[in-house]
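Trainee: dropping a prediction and its sequence here:
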Amino acid sequence: MLDPYKIREDFPILKRKINNHPLIYFDNAATTQKPKQVIESITEFYENHNANVHRAIHTLSQESSELYENAHEEVAKFINAEGMEEIIFVRGTTEAINLVAYAWGLHNLKREDEVLVTLMEHHSNIVPWEMLSKIKGFQVKYAEVNNDGTLNYESFENAISDKTKIVCLAHVSNVTGVITDVKRVAKIAHEYGALVLVDAAQSVPHLPVDVKDLDIDFLAFSGHKMLGPTGIGALYGKRGILEEMKPFHGGGSMIKEVTFNTITRHCSISLNDLPWKFEGGTPNICGGIGLMAAVRYLNDIGMENVKEHEGILTEYAMRRMQECEKVKIYGPEDASLKCGILPFGVNGISSHDIALFLDSYGIMIRSGFHCAQPLHEKLRLKSSARASFYIYNTREEIDRLTEALKEIG
Amino acid sequence: MGTVEDYVARVEETCGEEKQFVVIFKYTSKNQAIAKILKKAKVEKSISRIIFDLTFGNVSFRLYGTGKAIFRNLKDKEKLQKVLADLLL
């Protein structure tokens, strides 16, 4: 079991006071705070190893390349991928999904095909598919969610067909924290010959995730939601599928050769090996190194311990917040179906007012649609307030949230 | 006389519900901004002199002692800008 008080010592920002109150950071689903180990890894890189990666043969470039490649390896191990060939560094989950949409979908989806998503998706797993459907003419279908925000598996099974070429779904909802049985979905999808893309932005930071066990084809996640820097994330893809895919961005690094034919007066290109084929241009080197430090930090704690700690906090918060008469918690009543995300409302008060009120007590939560408007519409919510927990949060902080909510309600 | 920008650091347009604007006053001039607003707007309700429910003409809004305000039912940013100018200048 992890010790959040010991962990807090690694997070300089948690010593801050906001509006004369000790900072309580409950906006972890949006981004997490950074431990000094991550901050120092970035400083260490720029102070001692900074150089562009690959191609150059000088010492600094060798060091920089080795660190950057090690980062791929460590991320691969973290999710039990085969190796770094299956890990493409991107800006974040959004870019990872767009990479699949444009590097796979643009070349493989036809007018008569269907893409199946769910109504609980973040906009980043809806918009790229809707945009691409306007170009390619395929249909985007939506599996229903139940009134408590869980996936309606029956609706999913009714919606999938031989026309479905890819199923795109969130492992954990960024609004309700509901955990979807991705393994079950993947098994059904593969029976229909469809690929499976998992938005793991809210699962990889909070649960042990094993891509082989889940048997999925793509997995997208962001570094900044798991203690790493912003602007770095990863796309996992099964090697065989990535090898067949066309590149996403053209430019340096993603090619082996560009040769000019003096007769045709055109250049011909030969593509680089995985994963560099998908990493055109100078990558976010220090971001990758920061992400590696974040992965090491989480590995030291153990992902089972992370999951257990958040489960305890979620269950405790649900119990305490129910003491507030006007507070309504959205989503399933069973805390074991959820990750550490708690959407709620206070009767008669807008979510933004709740957030501003709590801010005056130094408590940071999020308000609005959380980039998941279709789910809010499905749940008949005008918006929601959202508290989301991580490894450094404590029961005492939840007590303070509850006391502040009692003042509103 | 100054400008609205002398007092306002950021304006955030919210998502969900009706359109709302959250105005964040500059740290250095927030006390001055709050004093000016409280002088011109009508206080409907106050919680510990930290949170104020206010009306100004037909505009209702909530002002926080932390230097933030949330305006409801305003058509667009231009209208907000006008209200802020009337309140602050």
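Mentor: Noted; the coordinates are in hand. All of these numbers come straight from a predicted model, not from anything done at the bench.

Trainee: now do the same end-to-end measure for stretch A:327-339.
Mentor: End-to-end distance for stretch A:327-339: 20 Å, by C-alpha to C-alpha, to the nearest Å.

Trainee: around B:D6, count how many other residues there are.
Mentor: Neighbourhood size, B:D6 [other C-beta atoms under 10 Å in any protein chain shown]: 14. For the C-beta atoms, the positions are set from N, CA and C on the backbone; glycine is no exception.

Trainee: pLDDT score for it?
Mentor: For B:D6, the pLDDT comes out at 95.

Trainee: confidence score at the residue nearest to it when sequence neighbours are not counted?
Mentor: Once flanking residues are discounted, B:D6 sits nearest to B:S29: 6.3 Å by C-beta to C-beta, 6 or more residues apart in numbering or on different chains. Listed pLDDT for B:S29 reads 94.

Trainee: and if you look at B:L74?
Mentor: Confidence score, pLDDT, at B:L74: 88.

Trainee: got the residue ranges for the helices in the stretch 101-250 of chain A?
Mentor: A:106-108, A:127-136, A:153-159, A:182-191, A:211-214, A:239-244 (DSSP state H, counting those that start in this stretch).

Trainee: sorry, slip of the keys, the one I care about is chain B.
Mentor: Here chain B has its helices, by DSSP state H, at B:30-40, B:77-88.

Trainee: where does chain B dip in pLDDT?
Mentor: Low-confidence segments of chain B (pLDDT under 70): B:1, B:17-18.

Trainee: near chain A, which residues of it? Just list them.
Mentor: B:14-17, B:20, B:22, B:50-51, B:62, B:64-66, B:68, B:70, B:72 (C-beta under 8 Å from any C-beta of the partner chain).

Trainee: of those residues, just the buried ones, ChimeraX syntax please.
Mentor: Command for ChimeraX, covering only those of the residues of chain B next to chain A found buried under the criterion 16 or more other C-beta atoms under 10 Å in any protein chain shown:
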select /B:14,15,16,17,20,22,51,62,64,65,66,68,70,72
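
Trainee: so which of the helices of chain B gets nearest A:G288?
Mentor: Taking C-beta to C-beta, helix B:77-88 is the member of the helices of chain B nearest to A:G288, at 39.0 Å.

Trainee: and the residue of chain B closest to chain A?
Mentor: Here chain B gets closest to chain A at one residue, B:G16, 2.6 Å apart by C-beta to the nearest C-beta.

Trainee: who's in contact with that residue?
Mentor: Counting by C-beta atoms under 8 Å, 6 or more residues apart in numbering or on different chains, B:G16 touches A:351-352, A:367-369, A:373, A:376, A:381-384.

Trainee: what sits against the residue nearest in space to the middle of chain B?
Mentor: For chain B, the residue nearest the mean C-alpha position is B:A69 (4.3 Å; C-alpha atoms, centre = their mean). Contacts for B:A69 (C-beta under 8 Å, 6+ apart) come out as B:22-23, B:25, B:37, B:61-63.

Trainee: could the helices of the stretch 101-250 of chain A go into a markdown table alongside mean neighbour count and distance to A:V90?
Mentor: A markdown table is the format used below for the helices of the stretch 101-250 of chain A (neighbours: other C-beta atoms under 10 Å in any protein chain shown; distance: least, C-beta to C-beta, whole Å):
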| stretch | mean neighbour count | distance to A:V90 |
| --- | --- | --- |
| helix A:106-108 | 14 | 17 |
| helix A:127-136 | 16 | 13 |
| helix A:153-159 | 16 | 27 |
| helix A:182-191 | 18 | 20 |
| helix A:211-214 | 17 | 16 |
| helix A:239-244 | 14 | 13 |
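
Trainee: let me have these in JSON lines, extended by distance to A:S270 and mean pLDDT.
Mentor: Putting the helices of the stretch 101-250 of chain A into JSON lines (distance: least, C-beta to C-beta, whole Å; pLDDT from 0 to 100) gives the following:
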{"stretch": "helix A:106-108", "distance to A:S270": "18", "mean pLDDT": "97"}
{"stretch": "helix A:127-136", "distance to A:S270": "27", "mean pLDDT": "98"}
{"stretch": "helix A:153-159", "distance to A:S270": "41", "mean pLDDT": "98"}
{"stretch": "helix A:182-191", "distance to A:S270": "32", "mean pLDDT": "98"}
{"stretch": "helix A:211-214", "distance to A:S270": "29", "mean pLDDT": "98"}
{"stretch": "helix A:239-244", "distance to A:S270": "14", "mean pLDDT": "98"}
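
Trainee: up against chain B, what does chain A have?
Mentor: With C-beta under 8 Å from any C-beta as the criterion, chain A comes near chain B at residues A:19, A:350-353, A:356-357, A:359-360, A:367-369, A:373, A:376, A:381-384.

Trainee: please pick the buried ones from the residues you listed.
Mentor: A:19, A:350-353, A:356-357, A:359-360, A:367-369, A:373, A:376, A:381, A:383-384.

Trainee: returning to that earlier point: for the residue nearest to the centre of chain B, give the beta-bridge partners.
Mentor: Beta-bridge partners for B:A69, by DSSP bridges, are B:V23, B:L63.

Trainee: is it true that the residue nearest to B:D6 touches B:E5?
Mentor: No - here B:S29 does not reach B:E5: they are 10.3 Å apart, not a contact under C-beta atoms under 8 Å.

Trainee: wait, what's in contact with A:V209?
Mentor: A:79-80, A:171, A:200, A:203, A:219, A:303.

Trainee: tell me the one of the residues you listed nearest B:K45?
Mentor: Using C-beta to C-beta, A:S203 comes nearest to B:K45 of those, at 42.9 Å.

Trainee: measure that closest one to chain B for me?
Mentor: 24 Å (C-beta to the nearest C-beta, to the nearest Å).

Trainee: find me the pLDDT at the residue of chain A found nearest chain B, would you?
Mentor: Scanning chain A for the residue nearest chain B gives A:S383, at 2.6 Å (criterion: C-beta to the nearest C-beta). pLDDT, A:S383: 90.

Trainee: ok, it - contacts?
Mentor: Contacts of A:S383 (C-beta under 8 Å, 6+ apart): A:350-352, A:367-369, A:376, B:14-17.

Trainee: which one of those is nearest B:E44?
Mentor: Nearest member of those to B:E44, counting by C-beta to C-beta, is A:S350, at 16.2 Å.

Trainee: I figured the closest one hits B:C15, correct?
Mentor: No - counting by C-beta under 8 Å, B:C15 is not a contact partner of A:S350; they are 11.4 Å apart.

Trainee: okay, now the unreliable bits of chain A?
Mentor: Applying pLDDT under 70 to chain A flags the ranges A:409.

Trainee: domain ranges for it?
Mentor: With domains defined by automatic domain parsing, chain A comprises A:4-30+A:302-408, A:39-299.

Trainee: burial measure for residue 87, as a count.
Mentor: This is for chain A. With other C-beta under 10 Å as criterion, A:I87 counts 28.

Trainee: that answer is for a different chain, and I need it for chain B
Mentor: 23.

Trainee: make a markdown table from the domains of chain A and add distance to B:K45 to it.
Mentor: As requested, these are arranged in a markdown table below (distance: least, C-beta to C-beta, whole Å):
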| stretch | distance to B:K45 |
| --- | --- |
| domain A:4-30+A:302-408 | 13 |
| domain A:39-299 | 31 |
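
Trainee: residue farthest from the centroid of chain A?
Mentor: Here the centre of chain A is the reference, and by C-alpha atoms, centre = their mean the most remote residue is A:I263, at 48.0 Å.

Trainee: let me redo that: chain B
Mentor: In chain B, by C-alpha atoms, centre = their mean, B:G16 is the one farthest from centre (19.5 Å).

Trainee: good, wrapping up.
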